[in-house]
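Colleague: I would like the atomic coordinates for the input below:
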Amino acid sequence: MNTFLRIKIYRSKFWTYVIFILLIGLTLGALTSAIVINQSVGNARIEAANAFSRTENNLQNDADRIEAYMQRIYSNQDLMNDASYFLSPTIDEYLTKRLKNSTFNQRPLISFPEDVKTYLYNWAQGDITQISVHTVKQGNVIDFNSNGIPHFQFGLSNDDLMFAENIQRGFVYRKKLLQLAEGSAEIRFQISSEQIFSIVNNYQLGHAAAINASGEVYLIGNDNPMSEQIIQQAIANKNTHGVILKNWMSPIFYVTFPSNKFNYTFVSTIKLRVLVQQHASTLILLFLVILTAMICVLLLVVYNLRDDARFLHRIIQSIKRVKTANFTPNKPARYRRNEYGMIAREVDDMIHKLDKHIRNEYLLKLKQQEAEMKALQHQINPHFLYNTLEVIRSTALVNQDAHTADAIATLGALYREMVKKENIISIGSELELLQKYLKIMEFKYPDHFYYQIDMEDSLLNVPTIKFWMQPLAENFFIHGFDKKKEFNLFVVKGSEDEHYYRLEFIDNGVWIEEDRLADIRRILSSKHEMSTKSIGLYNVYARLNFYYDKGFSIHIENNDEAGVRISVQISKEVTRDVQTINS
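Modeller: Numbering: from 1, shown residues only. Coordinates of the predicted model:
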């Protein structure tokens, strides 16, 4: 993976794919989780609907039992009479009236409280926990404990808390019992909320509650943590279902069922956290499946990017080999059936054809240029030979001593080097040839000529052509040297910067006239052959231009005080290409 990540375009593609895959994975995870949660909420709504329906059926069954019992009272005169006796303000009066009635009635006495227990409490399986009979001012109560044993209270005010109607105690049904002189008497039946809603505990619906029209709330179940505020908020939303965002980390889903026959609304709630816990195994499995899919897609992306990067690297390496004049074909490789494969195939084909073209055209041109360079060099050598022999002759005539032998030895060494060395040598070797020539000039002009060479070591191994520095020095002795002057100096300097090598040939001789200098510059820039008077300078320019082509330039100018400065500039890039070709 490190290979393609080093390439900016593939690095950008890789992170784009990673972000895209993460977004897709998160989106799929969120959607599937939402589907699971929504299905769970739907199941909870169905459970709540079933619980509400069961509660409604129980209430309706109890209402039907009460109606049936009232028909029993109305149809049984003895039972009606005992119920009227039960309206007495005290239990003693109730028992006295029963006793008086028994003396005139030969049939067995019927007890209203016992009848209520037999036909309502037992029949309703304990749902009806309290029956009370009321006159206009007071009421008498029959309570049943958990074992079904009745308990009586007489003479309670109708405003007593015992008769307060709230959903915590249960549902109250009022039925007319009989008409008295002071008003109607009624009988009230209380159905226990605890008994009615106990069936809800068998359903998986989170938490449930009931609320009546006055806003009283009954929380179903002993471990119900739901607050009355949430129930009232659900009712206030006026929607049969929805979400309460009490805590954004765990929203609460609710559903309501208003009763059409009884005075209450059934409310069921469930927290998102609870749903997540219930379906934790399913959600974890979904997460693992999505994560596995994301990893597989990412591995596929990495494989494709690495494959593309490998082909791009192959293309780049082919281009680099061409830049270094290495036209050997690549090893046979599988080409991908995409743009990179097409490019790689075309590049390899181009290299093959370019190699063939260079072999047929470029090498022939090099041979032709080499022949022309040799011809130019042959024009220089006789001219140099004549001048050198004249120097030796003059020295021999004047000194007739060991100096002549040294001069001849130096000349022999110079010619041996010229013959032995190849046409392409280093600048260091070319400086050795120049230095031998300058020593010969010291023999000719003792105590009148001096030379100095200041060359950086990095230039010594730079490749160049042979025997081009000597004509520049010879040009000084022909046109700028003054025999009457005691100090004639010739300096050679070499330096480099980031892109170029620079060589300077400086003397303190005679200036070149401005018209003549402009003419020399014009002829060199236009590459026209100069007159025979300047054949040495033109040959140097022509040979260097043949070798370095556009990576070479030469500049001639007069010094401020005296003499001429010739500057030669060689491109480093060209020298690297030349070294590659020569190797």
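Colleague: hmm, which helix or strand of the chain has the shakiest average pLDDT?
Modeller: Among the helices and strands of the chain, helix 363-398 carries the lowest confidence by mean pLDDT, DSSP states H and E, at a mean of 60.
Colleague: need the pLDDT of residue 172.
Modeller: Looking at residue 172, its pLDDT is 92.
Colleague: ok, and it, which helix or strand is that part of?
Modeller: With secondary structure defined by DSSP states H and E, residue 172 is part of strand 170-180.
Colleague: distance between that strand and the chain's centre?
Modeller: 75 Å (CA atoms, centre = their mean, to the nearest Å).
Colleague: name the helices or strands packed onto that strand?
Modeller: helix 8-75, helix 77-85, strand 128-134, strand 183-192, helix 193-197 (3 or more CB pairs under 8 Å, 6 or more residues apart in numbering; DSSP states H and E). All C-beta spots, glycine's among them, are computed from the backbone N, C-alpha and C.
Colleague: report the mean confidence score over the shortest one.
Modeller: Taken as a whole, helix 193-197 carries a mean pLDDT of 86.
Colleague: what packs against it?
Modeller: Looks like helix 193-197 contacts helix 8-75, strand 170-180, strand 207-211, strand 217-220 (3+ CB pairs under 8 Å, 6+ apart).
Colleague: contacts for that helix?
Modeller: 55, 58-59, 62, 125-127, 129, 167-171, 208, 210, 218, 220 (CB atoms under 8 Å, 6 or more residues apart in numbering).
Colleague: swap in 6 Å and give it another go.
Modeller: For helix 193-197, the surrounding residues in contact (CB atoms under 6 Å, 6 or more residues apart in numbering) are 58, 126-127, 167, 170, 218, 220.
Colleague: pLDDT-wise, what's the bottom of these?
Modeller: Among these, residue 126 has the lowest pLDDT, at 75.
Colleague: quick check: closest non-adjacent residue to that one.
Modeller: Counting by CB to CB, 6 or more residues apart in numbering, the nearest residue to residue 126 once its immediate chain neighbours are dropped is residue 195, at 5.8 Å.
Colleague: run a quick neighbour tally on that neighbour.
Modeller: Residue 195 has 17 neighbouring residues, counting by other CB atoms under 10 Å.
Colleague: do the one 5 residues further on as well
Modeller: The burial metric for residue 200, expressed as a neighbour count using other CB under 10 Å, is 23.
Colleague: quick check, it in a strand?
Modeller: No. Going by DSSP: H, G, I helix; E, B strand; the rest coil, the assignment for residue 200 is helix, not a strand.
Colleague: what's the distance between it and residue 194?
Modeller: The gap separating residue 200 from residue 194 is 11 Å, by CB to CB, to the nearest Å.
Colleague: common neighbours of those two, please.
Modeller: Among the neighbours of residue 200, none is also in contact with residue 194 (CB under 6 Å, 6+ apart).
Colleague: circling back: of the helices and strands packed on helix 193-197, which is nearest residue 261?
Modeller: helix 8-75 (7.0 Å; CB to CB).
Colleague: my read: residue 344 touches residue 311, true?
Modeller: Yes. If you go by CB atoms under 6 Å, residue 344 and residue 311 touch, sitting 5.4 Å apart.
Colleague: what segments of the stretch 251-400 of the chain are strands?
Modeller: 252-258, 265-271 (DSSP state E, counting those that start in this stretch).
Colleague: nearest to residue 38, of those?
Modeller: Closest among the strands of the stretch 251-400 of the chain, once you apply CB to CB, is strand 252-258, at 9.6 Å.
Colleague: mind listing what's buried in the closest one?
Modeller: By neighbour count with 16 or more other CB atoms under 10 Å, strand 252-258 contains the buried residues 252-257.
Colleague: sketch out the low-pLDDT regions of the stretch 351-500 of the chain for me.
Modeller: For the stretch 351-500 of the chain, the stretches with pLDDT under 70 are 356-406, 408-409, 411-421.
Colleague: please enumerate the helices of it.
Modeller: 363-398, 402-420, 427-444, 469-479 (DSSP state H, counting those that start in this stretch).
Colleague: next, the angle helix 427-444 makes with the last one.
Modeller: Same thing as helix 469-479. Counting by axes from the mean of the first three to the mean of the last three CA atoms, to 10 degrees, helix 469-479 lies at 30 degrees to helix 427-444.
Colleague: what's helix 469-479 packed up against?
Modeller: Packing partners of helix 469-479 (3 or more CB pairs under 6 Å, 6 or more residues apart in numbering; DSSP states H and E): helix 427-444, helix 535-548.
Colleague: which of those helices is buried the deepest?
Modeller: Comparing these by mean neighbour count (mean count of other CB atoms under 10 Å), helix 535-548 comes out on top with a mean of 20.
Colleague: quick check: angle from it to helix 469-479?
Modeller: 160 degrees.
Colleague: pLDDT averaged over helix 535-548, what's the number?
Modeller: Helix 535-548 carries an average pLDDT of 80.
Colleague: show the subsequent helix or strand relative to it.
Modeller: The helix or strand immediately downstream of helix 535-548 is strand 552-558, counting by DSSP H and E.
Colleague: buried set for stretch 256-271?
Modeller: 256-257, 259, 262, 264-271.
Colleague: what sits up against that stretch?
Modeller: When contacts are defined by CB under 6 Å, 6+ apart, stretch 256-271 is touched by residues 44, 48, 52, 59, 205-213, 226, 231, 234, 240, 250, 252-255.
Colleague: tell me the buried residues within those residues.
Modeller: Those of the contacts of stretch 256-271 that meet the buried threshold are 44, 48, 52, 59, 205-212, 226, 231, 234, 252-255, by 16+ other CB under 10 Å.
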